Structures are given as structure tokens and as C-alpha cells.
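**Student:** give me coordinates for this.
(one chain, ligands or ions: 1)
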Amino acid sequence: MIPDRETALSLLNAAYEKNPGLWRDHSIVTSQVAYRIASAIPDMDPDRCQMAGLLHDIGRIRGISGVRHTIDGYDYLMEQGDSDLARYCITHAFPGKRMIPHTRWDFLPGQLDFVCGYLNGIEYDLTDKILQIADFLSTAHGPMVLEVRLMESALRNSVNRKFLDFWRECLQLKTEIDQALGMSVYDLFDDLLIDWPNQG
Ligand SMILES: [Fe+2]
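**Tutor:** Numbering: from 1, shown residues only. Next up is the predicted model:
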């Protein structure tokens, strides 16, 4: 069973108290974007996508981290008894299930093996992909054109050569979502950001 919105928000706010940052507003935008996309695709569950969006980065409760927030979030939600949504804490960060080491690749010993084993044991469904694209589109200030968002994120975090492989996966993902929608995902949003963000 998935938590209701009030419960999910209280978990998010408790995590924000421990590790304040833009990630809380990003999570709220992600939940709204995921809900909007799921509502436009037949047979999807918008409420489930919304709650998964709220909690996909909940691993940040364990402090400032890079890719480790995925497994931290999975562990945290499993401890909370939210095994239904724990999946998205991991899957949202790995489009195409590809392990593409980047500059914030901070898994602790054993965690990478766990994540690889976990992903090998599941098939991505459309909900996983909706959460992925919602995460990639969502800034703390609203949804943004994917290419601008990827470049903004890359410059904020610094990049290595592997980032191009990650970008290809993200663009492929957008193509799949566009096909599921029967139109560009951008057409769902009249508040889509196209300009470089002012994070100041
Ligand atoms: Fe996120």
C-alpha cells in the first residue's frame, strides 16, 4: 500500500529538516510532473506516480550525497514499511539500467553490487520510466526542457566523459515517453522553463 499525500509530505519535510536544500521543492515538482504525465497515459496510476515523485529522493535524509541517495532512500523506505515505493528510490536514477559512473559516484562498499543485483531482478515498467523523466525534467522551480536541465545539472555537478552516455539514455527515455503519450511530453506543461535557471 502506498502512503497518502499527507504522510508522504511529512516524511519529505522530516528529511528536509535533517538535510535542507532545493531537493525538497524538486521532489514536489517531480511529483506534480509525474502525476501530469501518468494522467495523460491510459491505465497508469497517477496517485502512485505522485507519491513516488514525492519520495524518490528521500534518501537525502541520510545527508549530502551523490548516487548513494538511491540506496539510502530504498533502505529508508523499507525500514518505514513503504516497500511499494522503495523501488523508485533506486530505479529513478538509472535510465536504461545503465551504470554510468559520474563525478558523484559515492556508493559504499557492497552498495553497487546490491543495486546491480536489484536492477537485474526487475523489469522496468512505464511507471519507472515516468518517474525517471519526471525527475530529469523537474527543477525546484518547475519543469524544464530536458536538454537545458541536463546541461544545467552537468555544470552544477561537473562532468566526466561518461555523462554523454547518460544524456543519450535520457534522450532515449524522452522518446519512449513521447511515444507512450502520443505527443511531446513538453506539450503537457504550459509552465515549461526554457531559459537557464537562476538558482541564486
Ligand atoms: Fe530527483
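**Student:** pLDDT at residue 157, what is it?
**Tutor:** For residue 157, the model assigns a pLDDT of 74.
**Student:** how near is residue 176 to the ion?
**Tutor:** According to C-beta to the ion, to the nearest Å, residue 176 stands 19 Å off from the ion. C-betas here are computed from N, CA, C, even on glycine.
**Student:** is the ion contacted by the lowest-mean-pLDDT helix or strand in the chain?
**Tutor:** One helix or strand of the chain scores below all others by mean pLDDT, DSSP states H and E: helix 146-157, with a mean of 86. No. Helix 146-157 does not reach the ion (C-beta under 5 Å from the ion); its nearest approach is 10.1 Å.
**Student:** report the contact partners of the residue nearest the centre of the chain.
**Tutor:** Nearest residue to the geometric centre of the chain (C-alpha atoms, centre = their mean): residue 135, 3.5 Å. By C-beta atoms under 8 Å, 6 or more residues apart in numbering, residue 135 lies in contact with 30, 53, 56, 57, 92, 93.
**Student:** pLDDT, neighbour count and secondary structure added to those, as TSV?
**Tutor:** TSV is the format used below for the contacts of residue 135 (pLDDT from 0 to 100; neighbours: other C-beta atoms under 10 Å; DSSP: H, G, I helix; E, B strand; the rest coil):
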residue	pLDDT	neighbour count	secondary structure
30	98	30	helix
53	98	30	helix
56	98	29	coil
57	97	25	coil
92	97	25	coil
93	94	22	coil
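**Student:** where does pLDDT dip in the chain?
**Tutor:** 197-200 (pLDDT under 70).
**Student:** kindly report the residues of it close to the ion.
**Tutor:** So far as C-beta under 5 Å from the ion goes, the chain lies against the ion at 57, 135.
**Student:** and with 8 Å instead?
**Tutor:** Residues of the chain lying close to the ion (C-beta under 8 Å from the ion) are 23, 26, 27, 30, 56, 57, 92, 93, 135, 138.
**Student:** returning to what we had before: farthest pair within the contacts of residue 135?
**Tutor:** The largest separation in these, counting by C-beta to C-beta, is between 53 and 93 at 13.6 Å.
**Student:** ok, back up a step: who are the packing partners of the least confident helix or strand of the chain?
**Tutor:** helix 126-137, helix 163-181 (3 or more C-beta pairs under 8 Å, 6 or more residues apart in numbering; DSSP states H and E).
**Student:** just want the angle from the first one to helix 146-157.
**Tutor:** Interaxial angle, helix 126-137 versus helix 146-157 (axes from the mean of the first three to the mean of the last three C-alpha atoms, to 10 degrees): 60 degrees.
**Student:** now helix 126-137 against helix 163-181, angle please.
**Tutor:** Using the same axes, to 10 degrees: helix 126-137 against helix 163-181 is 120 degrees.
**Student:** in helix 126-137, what's buried?
**Tutor:** 126, 127, 128, 129, 130, 131, 132, 133, 134, 135, 136, 137 (16 or more other C-beta atoms under 10 Å).
**Student:** do you know how far the last one is from residue 149?
**Tutor:** Looking back up the chat, that one is residue 137. 6 Å (C-beta to C-beta, to the nearest Å).
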